[in-house]
Structures are given as structure tokens and as C-alpha cells.
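J.: mind folding the following:
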Amino acid sequence: MKTVSYYFVLIFFILLGSRAFSQKLNVELSKNYLNFQSSDSLIYKFYLDKSTTTSIRFVNVYGGEAFVFEKNKIRRRGWHEVMLHADSLKASNPSSGVYYLEVIGKKNESIHEFNSFHKPWGQTVDVSDLKLNNETGEISYMLPKTCFVKARVGFENGSFVKTLLGLVPQMKGQNMVFWDGKDQSNKVNIESELNPVAQIIAYALPSTAFYLFNPNHLVDYSLEEAYPDKWSKYALNPYAKIGWKTKLGFSLDYDVSANPDTTLTFSFPDQNADFVGVFNPENEIYISVDNEFIVENPNILVPGNYTIAFPKLQKGKHTVIVNIILPENRIATGTSEFFID
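T.: Reported below is the predicted structural model:
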């Protein structure tokens, strides 16, 4: 087996006698990914206070798939080192995703379970070299570490037009996501003259979990999430507590018409079930016309009708974007075009 250039260390202790595993984890990570496209590997070390029978498995947050590393192995007191190697796992073809460690220890007929997801996670990570190519729709950016990533497209003024990624794991280094140039409803093309921009929000993985990337078995986003119990209490950022399957972007349906008195009338009909399921009257609405004229109002009701003055609009075609900011960083977005004769 080739020399490992990177390693991942997990240290845990068992209390004296038949008591449970200590809740302390002292962790040192050189990387937190296992890439099946190369002969990648991870090493972790742990210390046993007493001779113990251990079973070890790794569980995928994205769907709950697990692979067993060892079962009912007697380990003596002292330090132990275990390696995960991509080459040895390829035959079982585990799915891509974020995996955390589960350990079951047996001592004097007592069974103690422990998972490694309790370490703090969700720290916001700065993204660099963020670029949006309006001709190809390619959005490129650099991640300094492996992260959960959210991606949206909008404008410098804060308006959003489309949510591209909810909470997707990506490895450190250069990453890409593509935008089709359309709004959330997939009906309106956003003209490049409006100068749309990309927003990437990245959260660090738990320091005791790793991203396994298998190009032959990608993440199945239709599966149910499988976070361990009480996982959200350890998140450092409130928005990182939202489960990966939570829908963050909604299409907003409305009509807009220009009136002779330089006002615009917005008519919001009944919305789809996704919107209705999360709508809260305690919201904020942002209306942007041509990426220049912005109106902000709190607590609108949907369905409902609103008339707002925009006195500086010229004759011709205009693009209007409406955002309703909903709980848990969810955004309902609608884009429309209208003409002033």
C-alpha cells in the first residue's frame, strides 16, 4: 500500500470500566475528502483505555447509506490506526456524500454508541475568484476547504433571480456551477445588460466528517436526509442548520402593469403548494425595476394587490424582480417584463 501523504485523525477515549465513550473529541484534519478519481486515503487514530470489542461504520448524510469498516473486532488498550483507502472501497461503490463516523463499543455486556458529527461545523468560508460568464452561464470559484455550498444568481443591489444550489458538498479548489440564464420560474431570460452576479455561500464541513466523491455513484438528492440526532445544535451559522433537502428557492407568480400616473400595480394570486407551505406574513418584500429602482416593504399578504409609485421610469421595456424573504433564508422570486408606452 502506497505511503499516505495526507491523514485524518480521530481521537476518542473510553471511560474506565463499563462506562460509555467520552463525549470529547480531539481532532486534527489535514483534509476532509476522499476522492475516488485518485488513489486517495484517510487515516484516523484512536485511543482505547481498556481492551474493547469495537464495530466501526461510516454513514452518509445524503440518504443514510453506510459502509461497515469493521465488526466485533477485539482491540487492546492503547493507540490504534485505521486507514480508509479509495482503491479498497471501489468494489462496494459507495455513493458520493458527506460521511461521519459511528462507533459501537462492547465492554462487559454494555453497548455504547458514538458518532463523530457533534463537533462544531457550519463556519462561513470565504470564496475567492468568483466569476460569472454571462455568455456560457459558467460560474467558477475557489474554495479554501471542502464545504457545503449554496449558490444563487442576482444583482449587486441584493435582488435574487434564481437559486442554483441548496446545500451541496464540494471539494476544496476550483469548482463550477452552471446557470441557464433564466429566472426561478424558468420563463424569463435575464439580459446580460442588467449585469447579473453570482453569490456563493459556503459552510465548512464538520471537522470529523469527510466528503467522499465517487464519479460512478453521485449524490442522490431525492433521498431523505440522514443527519444524526441533535446535529443542528453544533452548527456555528444559523443558516447552516437547514437540512440539505430543504428547498430554499421558490417561484413567485404575479402580474405587473404600468398605470398612467407613474405607478405600477402588482397582483399576487394564489401560489403553488411549495410557497404556501412556508409562507409567513412576517416577511419582507423587495421590488427592483431594471436593477436600479428598489422598493422595500414589510409584511405583505399573498394573495393581494399593491400599487407602488416609480416616477422615473422611461418609455419602453422594463424588467422587474420581486423577492419575498421567507423564514430560514428561503426566497420566493418572480421576474417579469412590462412596457410603458
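J.: from Phe58, how far out is Gln37?
T.: Going from Gln37 to Phe58 by C-beta to C-beta, to the nearest Å gives 19 Å. Placement of C-beta: from N, CA and C, glycine included.
J.: and these two? which has more neighbours close in?
T.: Each of Gln37 and Phe58 has its neighbours counted (other C-beta atoms under 10 Å); Phe58 has more, 23 against 10.
J.: beta partners of that one?
T.: When bridges are called by DSSP bridges, Phe58 pairs up with Phe67, Leu101.
J.: look up how far Ala66 lies from it.
T.: In terms of C-beta to C-beta, Phe58 sits 6 Å off from Ala66.
J.: what do these two both touch?
T.: Glu102 (C-beta atoms under 8 Å, 6 or more residues apart in numbering).
J.: let me see the ranges of the strands in the stretch 1-150 of the chain.
T.: 8-11, 26-29, 33-35, 41-48, 52-60, 66-75, 78-85, 97-107, 110-115, 124-125, 128-132, 138-143, 147-154 (DSSP state E, counting those that start in this stretch).
J.: where does pLDDT dip in the stretch 51-200 of the chain?
T.: The stretch 51-200 of the chain contains residues with pLDDT under 70 at 109, 112.
J.: please repeat the previous calculation with a cut-off of 90.
T.: 51-54, 56-57, 75-84, 100-122, 134-135, 156-159, 166-167, 185-195 (pLDDT under 90).
J.: okay, which residue is most central for this structure?
T.: Leu167 (1.6 Å; C-alpha atoms, centre = their mean).
J.: find the nearest non-adjacent residue to that one, please.
T.: Closest residue to Leu167 apart from its sequence neighbours, by C-beta to C-beta, 6 or more residues apart in numbering: Trp244 at 4.1 Å.
J.: show me the contacts for that neighbour.
T.: 61-62, 148, 166-168, 221, 225.
J.: and of those residues, the nearest to Leu84?
T.: Here the nearest of the contacts of Trp244 to Leu84, counting by C-beta to C-beta, is Val61; it sits at 16.5 Å.
J.: and the closest one, what does it touch?
T.: With contact set as C-beta under 8 Å, 6+ apart, Val61 has these partners: 97-100, 209, 225-227, 244.
J.: before we move on, back to that, reformat the contacts of Trp244 as a markdown table; add distance to Leu326.
T.: Below are those laid out as a markdown table (distance: C-beta to C-beta, whole Å):
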| residue | distance to Leu326 |
| --- | --- |
| Val61 | 24 |
| Tyr62 | 24 |
| Phe148 | 20 |
| Gly166 | 14 |
| Leu167 | 17 |
| Val168 | 21 |
| Tyr221 | 21 |
| Glu225 | 20 |
